[in-house]
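Asker: Next come a sequence and a model predicted from it.
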Amino acid sequence: MAELAQFPLNGGGVLVVEVDPADSVSSRVMRGSAPEAAMATATATFESALQTVRCAAEGILHQLRSLAQPPDEVAVEFGVKMNAQAGAIIAKASTEANFKINLTWKKAPAEK
């Protein structure tokens with residue numbers, strides 16, 4: 001059975017995300033509890049959890065743009081797992097990720 005975690009949204013409501021059983025509360029829920037009792041509630045909003053991913057992407061872009069000969073295009077792809085306590089985590093493999101994020105930057109055309 002899938003383990004679930006609720007992430008509050010900044011605009012109201014919640015986003016329910018499937019998480020690894022090791023990340024969930026199922027091992028702490030007593031037998032006979034209602035299914036909704038097994039759902040973990042995240043400690044941060046979905047948007048604030050993804051802020052760490054944004055910072056990581058900005059750091060990668062900054063480092064690659066500062067190369068002596070920066071590329072004309074930069075593409076970064078990584079998987080993101082959600083965890084009720086830790087928020088967004090860069091996954092060790094995209095196959096275990098909740099999201100597969102592919103970011104592409106292109107340098108603005110040089111002015112003539």
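Answerer: Arrived safely. Since the structure is predicted, the reported quantities are computational estimates derived from the model, not experimental observations.

Asker: Pull out the buried positions in the top strand by length along the chain.
Answerer: Using DSSP state E to define each element, the chain has its longest strand at strand 73-83. Buried residues in strand 73-83, counted by 16 or more other C-beta atoms under 10 Å: Val74, Phe78, Gly79, Val80, Lys81, Met82, Asn83. For the C-beta atoms, the positions are set from N, CA and C on the backbone; glycine is no exception.

Asker: Looking at those, spot the one nearest Leu15.
Answerer: Met82 (8.8 Å; C-beta to C-beta).

Asker: got the contact list for that closest one?
Answerer: Met82 sits next to Ala5, Phe7, Val17, Val19, Ala42, Ala49, Ala88, Ile89, Asn98, Phe99 when contact means C-beta atoms under 8 Å, 6 or more residues apart in numbering.

Asker: ok, now with 6 Å
Answerer: Residues counted as contacts of Met82 (C-beta atoms under 6 Å, 6 or more residues apart in numbering) are Val17, Asn98.
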